[in-house]
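>>> heads up, no residue letters with this:
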C-alpha cells in the first residue's frame, strides 16, 4: 500500500509482531535513558533474545530473514514511536544485515567470507555492531603493516559506541604507491588501540550514546577488510548502496511524528467538550502532514526495494533513480515530522514544555533528521537541481 | 509504485498509449479554446474515434475495459498536462464508466438495465455524458407524473453542457407522501424542457464549458432513473462511491503541476550559464513538492482501487477508509500544485504574465482544485477532525 | 504608526481624501476595463481634474505637494483596493513627481530645468507620463545627431503606453569615443518615429495597458535628456534612487490583499450562522498575514523617507540601507498578498472562480508582484545573501 | 522606526547601554545556568547594581524612568540575545514598573499607596518581584480574616520563584456574600505559609526557575492588595492592561531569533569559500523572516505605547485596538523565530545538535513562545475571528 502501515513480506510482519510485544517495556525505559543519556542495554538484551539483532540475517544463516528495506524502515518506525534513540541505533544493526547480505551475493571471495562471518555473528544475538562513518578531522586511514593493516583515526556520532561489540568503520587505505582505496573495516570493540568516549550529551537522541571513538594503530587482519574502489570522484553508482543503507533512518522521524500525533490527539479527545476552531483545524492539518509524510516515505521505500535487486546497464542511472526519491522523501519527512511535533505541543499546551514530557523528547529528537547521512540540505539541493537542470558538475 | 508514473493494468496502459498519440494535437488546440472559452469538440471526436469515450466500459460491452480508478486518474493527469479543461471534462465520462460498471454488478434489475444501456451508448463513441450535481438554488426535483416523472431544477458548473449528448442529473423525488429519495436521472440533451446556457466565463478551466442547465418539467421514463435511499442524514457508506467518482479529478491538478514543472525546468535549462542560487533551490524544491503530490495521490488511488471491490461488515468504515486518504491527498495536491505553478512562474519571469502563456493558463486553472466536490476545505476539516477526535456530529 | 493605515503628511492626507471620493467610480469601472484590457481614460480625467496627476509636484510649481514615499504608497494602496491596474499605472506618475523633485534639488542646471518643466506639465493635469524601462532586446540607445540625439530601441511592459502624453525612457548613449553613459530621455508621445503597440493581453493588470513601444531614430533635443554616469559596474549608491522609485509599487499588492480580505470577510459575515472551524481559523490567519504585510511594508516606507533626504559619507551604505528592507518587505508583501487572495477564494467558494469576479481579478493581478523592478527573486537572494555573508561579487 | 532597532526614549537608550555593558558576562554565565536549571543570581546582582531592577520606576521615585513598553521590549530582546531565560524573568520586573506606574496614576488611594511602596522597593535594587498568574487547580483565593486576608492556592510557572524577594499574585476574593472580585496580592517571599518548589526542569527557559509556589493561609494586610472588578464575564477593557503587561515578552523570541541568525551567519562566513546555493537562499530567507518578525513586533509596540495613555469613550474598543495587533504580532513572532532557529541549525550542521550548543539552547527556548499568556493559539483564533466576523460570543 505504500503508506507505511503494513509490512510487504511475511518476515517483516514477524519482526513487527516481536517489536509490538516489546513496545511497552521499551516505552517504559525511554524517559530515563533520555534523561541520563544512556543506551538501554537491558531492553536490547530482551530484544536480542527474540532474534531482533539478527532480524535481517538470512534464515539460512540463522536470522529472521527480513530482506526488505521497506520492512526494516517500518520496524524502525514502530520502535521510534516508543524510543527514537533506540530506533536510530538499531537501524544500524538491521541495515547491516541487508548490506552484508548484498555483499554475500556480490562481493569478492574474501568479501563474501567476511560478510558471512558477520551475519552469523549477528544471528547469534550477542553481537551489536555499530557503524562509524563521520571523521572528526583527517580521514581515518588503513596503513599496510607486516601482517594486515593498522587503523588510525577519529570518528564522531558513532551511535551505541559504548556498548557495541563490534564496529564497521569506513576508512581509506594509504598505500605506498598508487591510488588510495575506500575500505570498510570490521573490528571488535575490545581491539587494542580502540577507545570510546563517554561524553555524548546530545540535544536529542540522547539514549543513542552517539559518542566519539578513536583508533590508534589498531591491528586489522586482511580478512576483516572490505576493499572497494579508488577514493574520490563522483560515482553515481554508489548512490544505490547509500540509499539502501540510509533511507531506513527516515523511519525514526516517521515514528516520532506518528506517536506525537497519537499523544496529542488522545489528549484533546480526553478533555471532552467542544474543541475550539483552531484545535479542529490543527488536528485535521496534522493528519494531512502525517499522511504526506507516510506516503512520500512509503513510496520511496518500495522504490528502493524494487531497484535494489535490479541490474541496470548504467549503474549511475540506477543510483540516481534510488537516491532522488530518497532525498525528496527526506525533505518531506523532515519538514512534516518537525511541524507535526510542534503543532502537537501547541495542541497540548504548556504541560509539554517540561524536559521529560513525551512531546518535549520528540521535539528534541526530531531535529536530528536534518543531520542524517549521506547529504546535508545544501548537498541535496545541489544534487537534485543539477540532475533536474542537466548541470555538469 | 504508487507514485503516479505507471498504469496498474494493461487496459490502463493501452489508454495511456492512445492519449500519448493524441497529446500533441490536444496541446495545439488548448490555447485557443482557453481564450475563447469553447469546448474542443474536434479534438474529442478524434479521441472518440480511438475509443477514449468508452475507455472505462467493460470490454464485453464494447469498451476498452479500463477498470482501475488509479489508471483513470493517470489518464486524466496525462490529458491535463496538455489541456486541464479537457481533462476535467473527460474525467466525467471516464468515471461514469466506472460507476455504471459498479451499478451493473450491485444495482436492482432496473438499475442494471439502465447501466448497461448507458455503457453501450458510451462504447459507441458517439455519446458524451455530462454530470450535473450542483444545484443553483432549491434542489432539483423529480415529481411523479402519470407516466414516469417530471424533472425540474437548475444546475451550475455542468462541464461540457453545450456539447454533451446526455446528462446524468442528481435529484430528489417529491413523493405525495413518505420520504423523498435521492435519484440519478439519465436524459438526452435534446429532451424537451432542457436548456443550456452558453455563458461560461471561468477564471480558468475555460474550455470545460461549465455552464448552467435548466430542467423545466422534463419528462423522464421510469427506466431512466436510478432510485437510491432516503434523502438526508449522514451516511458514511456513501463516502465510498463519492471517493471513487471524485478522486480521479485530482489527476487534473497533478497534470497541471507536472507540466508547469517541465515547462519551467526546460526554460531554465535552455538559458545555459550557471543558474543563480535561488534558481537551484527553487528547482529542487519544486521537484520535492511534485514528488509529495504524486506520492500522496498515488497512494490514495491504490487505496481506492483496493477498497472499491472489498466488502466490509461496516460499510461506513469502508467509506471512511476511502474518503480520509482522498481528502488528505486532496489538500496535499491542491497546495503543492498551486505552489509549483507559482514557483514556475517565478523561475520563468515576466514573460509568463501574459494571458495565453502556458504557465498563466495553468495558474488560472489550478485554482479550481479547491472547489471540487464533494467537500469544501471547511467540510474536510470538519470531517477529518471529527473522525480523528471521535466527535459525534 | 508604520502599519500603513494613516498618512504621515497633511499633503498625503489630502490626496487620500481625494482618492476616497473617487473610489466608488473607479471601482465601478474596473471590471469592464479588466475584461477589455483597456486603460480607464475617463476615470483618470476625473482624477486629473482634482489634481491627482500633479499630486507629487511641489506646491510652488502648482502641485499638491505630496513628498513622502510612504504617502504615495498608501495612495497607491487605496487605489489598488478598487483597481490594481490603475494603481500600478498611476504609481509611475506619482513617483515621477518625487524623482523630478529630487532632480530639481540635486541635478545639473540642465537637469534642473528639465525637471522643472516636467513638474509644471504634470501639475497642469493634462500630462500623463509613462516610464519605459525594460528593453526587449538590445539596449535602447541615444546616438549623437547634428542637433541633439536620435533615440532607437524597443521597450516592453510600458504601462499606460497607448494613452500617455509623454514618456521617460531609460537609454544609454553611443558616443563616437569614450564610455557610454546612462540617460533618461523625456519625449512626447506624438514624437515622430515613436510607435505604440496595442496588443497588451496580460494575465492580470489588464487595464494598465502595458504594451510595447518602439523608437526609430526619434529626434531628441539636448534639453530633454538627463545624462548620468557611465554604464555598467555595480553601484550601490544607485540603490537609493531605485528604492525610492519602486517601493511604492508594493502598495499595489497591499491594496489587493486588503480588499480581498474585506470582500471575503463581508461574504462570510453575510452568511450568518456559526462559521465552521476552518472558516474561523482561516479568517484569523488571513488577518495575521495582512498585518504582517502592512507592518513589513510600512516600516520599509518610513525607512525610505528617512534616508531619502539624509546624506551619508558612504553613499553605497545609504543605498544598501534603503534597498535591503525594501527587498525584504517585497518578499513578505508578495507572499502574504498571494496567500491572502487564495485563502479568500477558498473562504468564498466556487462563485469566485469566474473571470470577472472581484477575487478572480485580484488573483490574476496579484501575481505581477514577482515581476516588479528592480530585482527578480533570484537577484534579491543573490544580493541579500552577498551582503549578509560579506561576499565580494 | 518601528523595526525594533532603536529605543524611542532617552531613558530606554540608557537602559540599553547598561545592558550592553553587561552582555558579555551574562552570555558567559548562560550555558551553565541552562544546564543546571538555576537562576543566575550573581549576574542579576550585577545588573541590580546598575539600576536595572528599577529601570522602569519613575525617576522621581528613584528609578531610571523608562516608561515605554517598546523600550522595555527592546531591552528584553537584547538580554534574550545572550540569555533568553533571564530575559523572560526580568521582563516581569521591568513590566511591573510600568503597571505600578499606571496604578500610581489611575488607582484608588489605597492602590496608589501600595504602588508607590512597590516602586520604591524596586528602585532600591534589592527587590526582585516575581508574578504568579497561572493556577495549578482551583483559583487561588483571598478569604477575609479578622485582620486583612488569608491567601491560599497553588501557582505554576512562576519564574524566579526560588530567588524572588516578593511576589505579586493574582487571586479572587471569597466574600461571605456578594460577587467575588479579582485581586492582585503583594507579599514577601518570606511570608509564613508560602513555599517554593525547586523542581523546575523545563525543556527550555531552564534558567528562569519557573517553579510552583503554594500559599497556605498566608496572612495579607489590607494595604497589600489591589482590589479590582467582579470576577468573570468578558471585559474587553481589560485587554489594554493585558497587552501592556505581556507584549514585552515577545522581545524574548525576537532576541532568540536575532542571535541565532547572527551565530549561523558568522559560522557560514567563517567557513570561507563559495557558499552552496541552498546556503545563500536560506541566508536571505532567514533575514526576510527576521525582518518580518521585527517589523510586526515593532509596530505593535509603538501601537501599545500610543494607546497606553490615550482615553477612549469605549474602553473595550481601546482594549481591542491594543490586543489585536499584539496577538497578530505574536503569531508572526512565534512562527518566524522558530523557523529562524531551525534554519540556523540546518545552516550550522550537526555540531549544533549538542545539548549545550548555543543554537540547541535557542531551539529549546524558542518553543516557549506558544505558551505565553494571555491567550493560547486556540484562544487567539477564537478572539481574532470573532472580532473580524462580528460574532457575538
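Done, it's in. All values derive from a computational prediction rather than experimental measurement.
>>> identify the residue of the stretch 1-150 of chain A closest to chain D, quick one.
Nearest residue of the stretch 1-150 of chain A to chain D, counting by Cβ to the nearest Cβ: residue A:134, 8.0 Å away. The way it works is simple: take the backbone N, C-alpha and C, and place the C-beta from them, glycine included.
>>> doesn't residue A:142 belong to a helix?
No. Per DSSP: H, G, I helix; E, B strand; the rest coil, residue A:142 lies outside any helix segment and is strand.
>>> so it is in contact with residue A:169, correct?
No. Counting by Cβ atoms under 8 Å, residue A:169 is not a contact partner of residue A:142; they are 9.1 Å apart.
>>> now do the shared contacts for the two.
Shared contacts of residue A:142 and residue A:169 (Cβ atoms under 8 Å, 6 or more residues apart in numbering or on different chains): A:151, A:185.
>>> ok, the residue of the stretch 1-150 of chain A closest to chain D to residue A:155 distance?
Separation of residue A:134 from residue A:155 (Cβ to Cβ, to the nearest Å): 6 Å.
>>> equivalent analysis for residue A:355, please.
From residue A:355 over to residue A:155 (counting by Cβ to Cβ), the distance is 29 Å.
>>> neighbour-wise, which of these two wins?
residue A:155 (24 against 18; other Cβ atoms under 10 Å in any protein chain shown).
>>> what's the closest non-adjacent residue to the residue in the stretch 51-200 of chain A positioned nearest to chain B?
At 11.7 Å from chain B, residue A:70 is the closest residue in the stretch 51-200 of chain A, using Cβ to the nearest Cβ. In space, and not counting its chain neighbours, residue A:70 is closest to residue A:301: 3.9 Å by Cβ to Cβ, 6 or more residues apart in numbering or on different chains.
>>> list the buried ones in the host helix or strand of the one you found?
Assessed by DSSP states H and E, residue A:301 sits inside helix A:277-308. Buried residues in helix A:277-308, defined by neighbour count with 16 or more other Cβ atoms under 10 Å in any protein chain shown: A:277-305, A:307-308.
>>> and stretch A:21-30, by the same measure?
Buried-residue list, stretch A:21-30, by 16+ other Cβ under 10 Å: A:22, A:26, A:29, A:30.
>>> how close does the one residue sitting closest to the centre of chain A get to residue A:370?
Centre of chain A computed as the mean C-alpha position; nearest residue by Cα atoms, centre = their mean is residue A:249, 3.6 Å away. Residue A:249 sits 12 Å away from residue A:370, going by Cβ to Cβ.
>>> can you check residue A:85 too?
For residue A:85, the distance to residue A:370 - Cβ to Cβ - is 17 Å.
>>> between those two, which has more neighbouring residues?
residue A:85 (30 against 22).
>>> and the more buried one, backbone torsions?
phi -60, psi -40 (degrees, to the nearest 10).
>>> tell me the pLDDT of it.
Note for residue A:85: predicted pLDDT of 98.
>>> please name the residues that touch the spatially closest residue to it that is not a sequence neighbour.
What sits nearest to residue A:85 in space, not counting adjacent residues and going by Cβ to Cβ, 6+ apart, is residue A:207, at 3.5 Å. Residues in contact with residue A:207 (Cβ under 8 Å, 6+ apart) are A:30, A:33, A:34, A:37, A:38, A:39, A:40, A:83, A:85, A:86, A:89.
>>> can the helix or strand hosting the second one be said to contact chain D?
Spelled out, that is residue A:33. Secondary structure assignment for residue A:33, by DSSP H and E: helix A:10-36. No. If you take Cβ under 8 Å from any Cβ of the partner chain as the test, helix A:10-36 misses chain D, and the best it gets is 9.0 Å.
>>> what is the mean pLDDT for that helix?
On average, helix A:10-36 scores 97.
>>> could you give the angle of the longest helix along chain A to helix B:277-308?
Longest helix in chain A, counting residues (DSSP state H): helix A:315-348. With axes from the mean of the first three to the mean of the last three Cα atoms, to 10 degrees as the basis, helix A:315-348 and helix B:277-308 are set at 80 degrees to each other.
>>> the helix or strand immediately after helix A:315-348 in the chain versus helix A:10-36: what angle between them?
Later in the chain than helix A:315-348, the nearest helix or strand by DSSP H and E is helix A:358-366. With the same axes, to 10 degrees applied, the angle from helix A:358-366 to helix A:10-36 works out at 100 degrees.
>>> tell me the buried residues in helix A:358-366?
Buried residues in helix A:358-366 (16+ other Cβ under 10 Å): A:358, A:359, A:360, A:361, A:362, A:363, A:364, A:365, A:366.
>>> check stretch A:188-200 too.
Taking 16+ other Cβ under 10 Å as the criterion, stretch A:188-200 shows A:189, A:194, A:196, A:200 as buried.
>>> how about the residues of chain A by chain B?
A:1-3, A:265, A:268-269, A:275, A:279-281, A:283-285, A:287-288, A:291-292, A:295-296, A:298-300, A:302-303, A:306, A:325, A:328-329, A:331-332, A:380-382, A:384-386, A:388-391.
>>> can you give me the helices for the stretch 151-300 of chain A?
A:238-246, A:250-271, A:277-308 (DSSP state H, counting those that start in this stretch).
>>> need those helices in CSV (columns: distance to residue B:123 and mean pLDDT).
CSV is the format used below for those (distance: least, Cβ to Cβ, whole Å; pLDDT from 0 to 100):
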stretch, distance to residue B:123, mean pLDDT
helix A:238-246, 46, 94
helix A:250-271, 45, 97
helix A:277-308, 35, 97
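>>> re earlier: and of the contacts of residue A:207, the nearest to residue D:106?
residue A:34 (49.9 Å; Cβ to Cβ).
>>> my guess is the closest one contacts residue A:362, does it?
No. Between residue A:34 and residue A:362 there is no contact under Cβ under 8 Å: 10.2 Å.
>>> hang on, the earlier thing: quick one: contacts for the residue nearest to the centre of chain A?
A:76, A:88, A:91, A:372.
>>> again, 7 Å this time
Counting by Cβ atoms under 7 Å, 6 or more residues apart in numbering or on different chains, residue A:249 makes contact with A:88, A:91, A:372.
>>> likewise for residue A:72?
Contacts of residue A:72 (Cβ under 7 Å, 6+ apart): A:56, A:66, A:94, A:95, A:98, A:248.
>>> who touches the second one in this structure?
When you say that, I think you mean residue A:66. Shown in contact with residue A:66 (Cβ under 7 Å, 6+ apart): A:9, A:11, A:12, A:15, A:55, A:56, A:72.
>>> which pLDDT value goes with it?
98.
>>> distance check, it against residue D:244.
Relative to residue D:244, and taking Cβ to Cβ, residue A:66 is found at 62 Å.
>>> correct me if wrong, but the residue of the stretch 51-200 of chain A closest to chain B is in a helix.
Yes. Assessed with three-state DSSP, residue A:70 lies in a helix.
>>> and what about residue A:7, helix, strand or coil?
coil.
>>> just give me the neighbour total for it.
19.
>>> with residue A:69 instead?
Counted with other Cβ under 10 Å, residue A:69 comes out at 29.
>>> and for it, nearest residue in space, chain neighbours not counted?
Of all residues not flanking residue A:69 in the chain, residue A:304 sits nearest, at 4.7 Å (Cβ to Cβ, 6+ apart).
>>> so who does the one you found touch?
Applying Cβ under 7 Å, 6+ apart, the residues contacting residue A:304 are A:69, A:243, A:244, A:247, A:322, A:326.
>>> ok, how many other residues are close to residue A:164?
25.
>>> same deal with residue A:342?
22.
>>> same question for the one 4 residues further on.
Close neighbours of residue A:346, defined as other Cβ under 10 Å, add up to 21.
>>> and the residue of the stretch 1-150 of chain A nearest chain B?
residue A:2 (3.9 Å).
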